[in-house]
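K.L.:
One predicted model, sequence on top.
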Amino acid sequence: MKAKLYRREGILRTLYRGVAMTAAMCSVMAVSNVAQATTVTVGVPNNNDQIELKKLSTAFEKANPDIQLKWVVLEENVLRQRLTTDITTNGGQFDVLAIGTYEAPLWGKRGWLVPISGLPADYDLNDMFKTVREGLSYDGKLYALPFNAESSMTFYRKDLFAAKGLTMPDQPTYEQIKDFADKLTDKSNGIYGICLRGKAGWGENMAYVGTLVNTFGGRWFDEKWHAQINSPEWKSAISFYTNLLQKDGAPGASSNGFNENLSLMSSGKCAIWVDATSAAGILYNKNESTVADKVGFAAAPIQATPKGSHWLWSWALAIPKTSRSQDAAKRFVEWATSKEYIKLVGADIGWASLPPGTRLSTYQLPEYKQAAPFSEFVRNAIETADPAHPSAQPVPYTGVQYVSIPEFQSFGTVVGQSISGAVAGQLTVDQALAAGQAAADRAVKQAGYQK
């Protein structure tokens, strides 16, 4: 009996050792597979579309088990500074960069980005909006693939307008916007007549302010690169803007950027909001917005001229030359900007929230047409924005809401900080414009633009 027990225990010990060895081998194999996977580090802003991309990227990793994505999601101003520092110092911390129509041609020209070429036929590059492709190109070469694209427009609460007997025209003027905001402000009930960007940043408040100045007849520089920020047109535009926000805006307006105002509008606290067309997908999505059935839309307001009243921008995905994982990064960028990805978004959070402004085929989808009454309006706004002629006066630069020179990122931020200070009541408009004038003039003089 004892002999049988010893034999049985010996067999069991052998089986246990076999199971343990198999488990160990599986563990080693799993670790080996992880070690062999290529890491792709992706830097994106913390807006809704990019957060959705991160969420859905598990589908990409499942289809591409040899690639692991590492996400760096930052507030817009912080992201821009981080990416700019990394690429100008050859840091090599990122494999995919979320940049836009400002950076792509400038960085491509300097040889900092990998040109986009050799796309598979089914990617269908010709399906991309021509104006957007051109905005991401330099010297005929494409340097980023558009993830979404936008212009600017006016959103408003139809129910609040109806209650006051007001009618929003298809093309409002700023004087009309001011009149509406005055009548609709009801701070005792948490309703603010107007929401506008006040947070400092060349891509935050200055994206909006740039269009405001354009339509008031202003420009950043004259034909000889002399700054025009202390001009009567700038003073008129910025005085209008600061007075409007101080009277009818939400508390802390000088700290509110795109994300903050989107939250205010979607929660029913804004009567009017002038901002990016890309917000429409959230505002009209019943799962994302409490006012989805109450939102109307119109063109971005105009004043002295329609020139430069609505911008052109694209958040796009680019690959820096310093990336050590360029092939894997390219596979991800192709997937994230594909027709397939756009449909994944529709199935996940709703067809109104598709990444807009990139693919012509998106605007042919029956589901999108039904869910997004704003779609054709947005398409027209993107296609009619004119970065080559942003002002009624002659200018030496291109760009509606920015000046397409490398120095703009620096002095545009300084101007944005000064104007945000005026909104907060820390500076007068004259003081803010004087500071902006000095910064812009100094930058272009040092760079040798002025002749």
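P.N.:
Thanks, I have it. No experiment lies behind these values; they were computed from the predicted model shown.

K.L.:
so where do the strands sit in the protein?
P.N.:
Assigned by DSSP state E, the strands in the chain fall at 38-45, 67-74, 96-99, 137-138, 141-142, 145-150, 152-157, 272-276, 295-299, 313-318.

K.L.:
Minimum distance to E367: which of those has it?
P.N.:
strand 145-150 (17.5 Å; C-beta to C-beta). Heads up, the C-betas are built off the backbone N, CA and C, glycines and all.

K.L.:
and the angle for the closest one with strand 38-45?
P.N.:
20 degrees (axes from the mean of the first three to the mean of the last three C-alpha atoms, to 10 degrees).

K.L.:
What is strand 145-150 packed up against?
P.N.:
The contact analysis (3 or more C-beta pairs under 8 Å, 6 or more residues apart in numbering; DSSP states H and E) places strand 145-150 against helix 48-63, helix 130-135, strand 313-318, helix 326-336, helix 375-384.

K.L.:
how about a cut-off of 7 Å?
P.N.:
Applying 3 or more C-beta pairs under 7 Å, 6 or more residues apart in numbering; DSSP states H and E, we find strand 145-150 packed against strand 313-318.

K.L.:
rewinding a little: looking at the strands of the chain, which is closest to G198?
P.N.:
Using C-beta to C-beta, the nearest of the strands of the chain to G198 is strand 272-276, at 11.8 Å.

K.L.:
and the strands of the chain as JSON lines, adding mean neighbour count, mean pLDDT and distance to C195?
P.N.:
Output for the strands of the chain, formatted as JSON lines (neighbours: other C-beta atoms under 10 Å; pLDDT from 0 to 100; distance: least, C-beta to C-beta, whole Å):
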{"stretch": "strand 38-45", "mean neighbour count": "21", "mean pLDDT": "98", "distance to C195": "19"}
{"stretch": "strand 67-74", "mean neighbour count": "16", "mean pLDDT": "98", "distance to C195": "23"}
{"stretch": "strand 96-99", "mean neighbour count": "28", "mean pLDDT": "98", "distance to C195": "24"}
{"stretch": "strand 137-138", "mean neighbour count": "18", "mean pLDDT": "97", "distance to C195": "34"}
{"stretch": "strand 141-142", "mean neighbour count": "18", "mean pLDDT": "98", "distance to C195": "35"}
{"stretch": "strand 145-150", "mean neighbour count": "26", "mean pLDDT": "98", "distance to C195": "17"}
{"stretch": "strand 152-157", "mean neighbour count": "24", "mean pLDDT": "98", "distance to C195": "9"}
{"stretch": "strand 272-276", "mean neighbour count": "26", "mean pLDDT": "98", "distance to C195": "4"}
{"stretch": "strand 295-299", "mean neighbour count": "20", "mean pLDDT": "98", "distance to C195": "13"}
{"stretch": "strand 313-318", "mean neighbour count": "27", "mean pLDDT": "98", "distance to C195": "19"}
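
K.L.:
right, so of these, which gets closest to R379?
P.N.:
strand 145-150 (9.8 Å).

K.L.:
Run the chain-centre distance for that closest one.
P.N.:
What separates the centre of strand 145-150 from the centre of its chain is 8 Å, taken as C-alpha atoms, centre = their mean, to the nearest Å.

K.L.:
picking that back up, quick one: closest of the strands of the chain to M265.
P.N.:
strand 272-276 (4.6 Å).

K.L.:
relative to helix 375-384, how tilted is that closest one?
P.N.:
Angle, strand 272-276 to helix 375-384, by the same axes, to 10 degrees: 50 degrees.

K.L.:
quick revisit: mind putting the strands of the chain in JSON lines, distance to R197 included?
P.N.:
Below are the strands of the chain laid out as JSON lines (distance: least, C-beta to C-beta, whole Å):
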{"stretch": "strand 38-45", "distance to R197": "14"}
{"stretch": "strand 67-74", "distance to R197": "18"}
{"stretch": "strand 96-99", "distance to R197": "19"}
{"stretch": "strand 137-138", "distance to R197": "28"}
{"stretch": "strand 141-142", "distance to R197": "29"}
{"stretch": "strand 145-150", "distance to R197": "14"}
{"stretch": "strand 152-157", "distance to R197": "10"}
{"stretch": "strand 272-276", "distance to R197": "7"}
{"stretch": "strand 295-299", "distance to R197": "18"}
{"stretch": "strand 313-318", "distance to R197": "13"}
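
K.L.:
Quick one: closest of the ones you listed to P232.
P.N.:
Closest to P232 of the strands of the chain, according to C-beta to C-beta: strand 272-276, at 22.6 Å.

K.L.:
residues making contact with that closest one?
P.N.:
By C-beta atoms under 7 Å, 6 or more residues apart in numbering, the residues outside strand 272-276 that reach it are 150, 152, 154-156, 177, 180-181, 193-197, 208, 258, 261, 265, 300-301.

K.L.:
Among these, name the ones in helices.
P.N.:
Counting by DSSP state H, the contacts of strand 272-276 place I177, F180, A181, Y208, F258, N261, M265 in helices.

K.L.:
now for these, which pair is the farthest apart?
P.N.:
Among the ones in helices among the contacts of strand 272-276, the pair separated by the greatest distance (C-beta to C-beta) is F180 and F258, at 21.5 Å.

K.L.:
Regarding stretch 57-73, how distant is the last residue from the first?
P.N.:
In stretch 57-73, first residue to last residue: 14 Å (C-alpha to C-alpha, to the nearest Å).

K.L.:
Please apply the same query to stretch 90-106.
P.N.:
Start to finish, the residues bounding stretch 90-106 are 16 Å apart (C-alpha to C-alpha).

K.L.:
Skipping its backbone neighbours, what lies nearest F216 in space?
P.N.:
Leaving aside its sequence neighbours, F216 sits nearest to A237 (C-beta to C-beta, 6 or more residues apart in numbering; 3.8 Å).

K.L.:
Same check on P394?
P.N.:
Closest to P394 by C-beta to C-beta, 6+ apart is E223, at 5.2 Å.

K.L.:
same deal with D170?
P.N.:
Nearest non-adjacent residue to D170 (C-beta to C-beta, 6+ apart): A298, at 5.7 Å.

K.L.:
likewise S410?
P.N.:
S410's closest residue in space is A443 (C-beta to C-beta, 6+ apart), at 6.3 Å.

K.L.:
Report the contact partners of that neighbour.
P.N.:
With C-beta under 7 Å, 6+ apart, A443 has these contacts: E407, S410, F411.

K.L.:
From the residues you listed, list just the buried residues.
P.N.:
In these, burial by neighbour count holds for E407, F411, counting by 16 or more other C-beta atoms under 10 Å.

K.L.:
okay, now N90: neighbour count?
P.N.:
10 (other C-beta atoms under 10 Å).

K.L.:
can you pull the contacts of it?
P.N.:
N90 sits in contact with T322, where contact means C-beta under 7 Å, 6+ apart.
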